[in-house]
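Colleague: I need the structure of the sequence given here:
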Amino acid sequence: SENKERFRQDFKFIIDGIQWDDSVKMKRAKQRRPALTNNILKPLVRKVINQTRSAKPSIRVKPVDSKSDPQVANLLEGLIRNIEYSSKSDIAYDTAAEHALIGGFGYIRVDIDYPDEDSWDMEVLISPIRDPLNVFVPSSTISYDGSEWNDVFVLFDAPEEDYEGKTPFQKRTSIHDSCNITLCEWFHRTFKEVKMLLLNDGTSIEADLYKEDEVGYVLAGAFPVKSRTMKKYTIMRYILDGTSIIEETEFPGSYIPIIPVYGESYSIDGKNILKGLLSDAKDSQMHYNILRSSSAEIASLSPKVPFVIGKGGAVDESKWAQLNDPSLPYVEYDYSEAIQGPIPLARDTASATVQGQISDVYQDIHLITGTQPLSADSVKTDSFIQRKKIEELGTYHFIDNLARAIRQVGKVVVSVIPYIYEEDRIARITGEDG
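Modeller: The predicted structure is shown next:
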């Protein structure tokens, strides 16, 4: 898609520093002209990424109303805090944010796995997706947090021995690594409508389950006070080898566990456009490289001799040869009517013009990206703080998009927890966590 191709081009431009057209660079090399790359976009990425890191984003659990149990919310938050810590979730958050900043989109995923080989208890993990180009999501619509997705595909490489005998493609090498095979993970969500009952003690239960043990509920004093039709979701996880399904499991919860983090997102004429922070600054960066190269070229071609003198006009040629030596207080020349004295060469104004253009382009890059550079007169406390706030506002939508994604990660984790953790285990974990 166009978004993925833009992602590739932006990553090559900003991270790899490939900022010159090959033909132009070769032509300049043949002409022995400089083609410098002064990548000032990459530090801007680090700057915004470090802003998100300093904010230390994490999942928060809050009761939705006065009837909610604050103790349950505290237990969940303690458990989720443990999940984030054990998963090193900051790596997942930072990786997705960096991808969104540079290429326009990144992803976080929620996994269920055993933490180590000796464990008997599965855990919820928050993991990074290192290559977002391996993720394929519905292109017809952009779900701002992935909660509406019903199908997501993720390519991954796996050792051959892990799927030996399961796929006829086990000898096919990976597109990335000859020791692995490339497979596809497919998350597919379906739903059915079920009638739900709200009991007088605040619990919800399917009407069919209540009916199976209605007498028991009545004897316990539990009876319905409200009813409504709700969607009950089922998420299947399939492993595909290109021709068939080789593995099939059910993933618990209500959401597909792939969560997007977007940079800038727009929908125009039915097309979804995703862009990073620096996509619109690439032309200015190329202009900056050209000007820097021109400045270096002018400097290298500028004459080193500051004076022109008539033939035979130098009295002591050895001293005139050392004219750039600051230790010489003066040099003499042979003055006569026939031989004119030393004429200072006019200073080349081209270098000053290029330096002025460099300053303008540098300012353009910061205006385009919304990263106003702090000037020297911003050292005073009030001015510095105010300027810093303005600077952060220019890129705050990226930080806010990450926060939106982390909220959805929290929803996915909360929907999975009841299937993985028992009450005594939650109490033990939150007790250890404090």
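Colleague: C-alpha only now, for contacts and for neighbours.
Modeller: OK.
Colleague: quickly run through the sheet partners of the longest strand along the chain, with directions.
Modeller: Scanning the chain for the longest strand, with DSSP state E as the assignment, gives strand 180-199. Applying DSSP bridges to the sheet, strand 180-199 is found paired with strand 151-159 (antiparallel), strand 204-206 (antiparallel), strand 224-240 (antiparallel).
Colleague: residues near Trp120, how many?
Modeller: Per other CA atoms under 10 Å, the neighbour tally for Trp120 reads 9.
Colleague: now the helices for the stretch 1-150 of the chain?
Modeller: Using DSSP state H, counting those that start in this stretch, the helices assigned to the stretch 1-150 of the chain run over residues 2-14, 22-30, 41-55, 70-87, 89-103.
Colleague: actually the stretch 251-400 of the chain, sorry about that
Modeller: Using DSSP H, counting those that start in this stretch, helices in the stretch 251-400 of the chain cover 282-301, 317-320, 350-369, 381-393, 396-420.
Colleague: mean pLDDT lowest where, among the strands paired with strand 180-199?
Modeller: Ranked by mean pLDDT, these end with strand 204-206 at the bottom, a mean of 87.
Colleague: so the closest residue to Asn134 other than its chain neighbours bridges to which residues?
Modeller: In space, Asn134 comes closest to Leu155 once its chain neighbours are excluded; the distance is 5.1 Å by CA to CA, 6 or more residues apart in numbering. For Leu155, the beta-bridge partners are Cys184 (DSSP bridges).
Colleague: show me what contacts Leu155?
Modeller: 134-135, 182-185 (CA atoms under 8 Å, 6 or more residues apart in numbering).
Colleague: picking up where we left off before, packed most tightly, which of the helices of the stretch 251-400 of the chain would that be?
Modeller: Mean neighbour count, computed with mean count of other CA atoms under 10 Å, is highest for helix 396-420 among the helices of the stretch 251-400 of the chain, reaching a mean of 19.
Colleague: list the contacts of it.
Modeller: 52, 57-61, 76, 80, 93, 97, 100-101, 108-110, 122-124, 145-147, 252-257, 259-264.
Colleague: counting only strands, which of those residues make the cut?
Modeller: Checked against DSSP E, the contacts of helix 396-420 include these in strands: 108-110, 123-124, 259-262, 264.
Colleague: list buried residues within the residues you listed.
Modeller: Buried by 16 or more other CA atoms under 10 Å: 108-110, 123-124, 259-262, 264, out of the ones in strands among the contacts of helix 396-420.
Colleague: can you give me the distance of Thr190 to Ile112?
Modeller: 20 Å (CA to CA, to the nearest Å).
Colleague: neighbour-wise, which of these two wins?
Modeller: Taking neighbours as other CA under 10 Å, Thr190 and Ile112 compare with Ile112 leading, 16 against 13.
Colleague: quick check: chain neighbours aside, which residue is closest to that one?
Modeller: Val124 is the one closest to Ile112 (CA to CA, 6+ apart), at 4.7 Å.
Colleague: show me the contacts for the one you found.
Modeller: 83, 110-113, 413, 416-417, 420.
Colleague: again, only this time at 7 Å
Modeller: 83, 110-113 (CA atoms under 7 Å, 6 or more residues apart in numbering).
Colleague: which of these lies closest to Gly276?
Modeller: Val110 (24.1 Å; CA to CA).
Colleague: isn't the closest one up against Ile259?
Modeller: No - contact criterion CA atoms under 7 Å: Val110 and Ile259 do not qualify, at 8.3 Å.
Colleague: if we can go back for a sec, to Ser318, which of the helices of the stretch 1-150 of the chain lies closest?
Modeller: Short answer: helix 22-30, nearest of the helices of the stretch 1-150 of the chain by CA to CA, at 37.0 Å.
Colleague: and His397, how far is that from Lys56?
Modeller: On the measure of CA to CA, His397 and Lys56 end up 16 Å apart.
Colleague: same deal with Pro70?
Modeller: 24 Å.
Colleague: kindly report the same for Lys42.
Modeller: In terms of CA to CA, Lys42 sits 22 Å off from Lys56.
Colleague: which one of those two has more residues nearby?
Modeller: Shown here are Lys42 and Lys56; by other CA under 10 Å, Lys42 has more neighbours (16 against 11).
Colleague: per-residue pLDDT, the closest residue to the more buried one other than its chain neighbours?
Modeller: What sits nearest to Lys42 in space, not counting adjacent residues and going by CA to CA, 6+ apart, is Ile14, at 5.8 Å. Note on Ile14: pLDDT of 92.
Colleague: pretty sure Ile14 contacts Leu44?
Modeller: No - the pair Ile14 / Leu44 is not scored as a contact, 10.1 Å apart, by CA under 7 Å.
Colleague: who's more crowded, those two?
Modeller: Ile14 (22 against 18).
Colleague: in the protein, which segments are predicted with low confidence?
Modeller: 63-69, 140-142, 161-179, 302-317, 319-350, 373-391, 423-434 (pLDDT under 70).
Colleague: quick one: the closest residue to Asn289 other than its chain neighbours and Ala352, what's the gap?
Modeller: Spatial nearest neighbour of Asn289, chain neighbours left out: Thr37 (5.5 Å); criterion: CA to CA, 6+ apart. Thr37 is 20 Å from Ala352, where distance means CA to CA.
Colleague: what's the neighbour count on Arg32?
Modeller: Arg32 - counted by other CA under 10 Å - has 10 other residues nearby.
Colleague: phi, psi for it please.
Modeller: phi 60, psi 40 (degrees, to the nearest 10).
Colleague: and Ile365, how close does it get to Leu79?
Modeller: 44 Å.
Colleague: got the helices of the stretch 251-400 of the chain as TSV, with distance to Gly276 columns?
Modeller: Converted to TSV, the helices of the stretch 251-400 of the chain look like this (distance: least, CA to CA, whole Å):
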stretch	distance to Gly276
helix 282-301	11
helix 317-320	57
helix 350-369	10
helix 381-393	16
helix 396-420	9
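Colleague: nearest to Ser139, of these?
Modeller: helix 396-420 (18.5 Å).
Colleague: the closest one vs helix 70-87, what angle?
Modeller: 100 degrees (axes from the mean of the first three to the mean of the last three CA atoms, to 10 degrees).
Colleague: now the angle between strand 258-262 and helix 396-420, please.
Modeller: Interaxial angle of helix 396-420 relative to strand 258-262 (the same axes, to 10 degrees): 170 degrees.
Colleague: what is in contact with Ile14 and Leu44 at once?
Modeller: Between them, Ile14 and Leu44 share no contacting residue under CA under 7 Å, 6+ apart.
Colleague: quick check, Pro159 in contact with Asn180.
Modeller: Yes - assessed by CA under 7 Å, Pro159 is found in contact with Asn180 at 4.5 Å.
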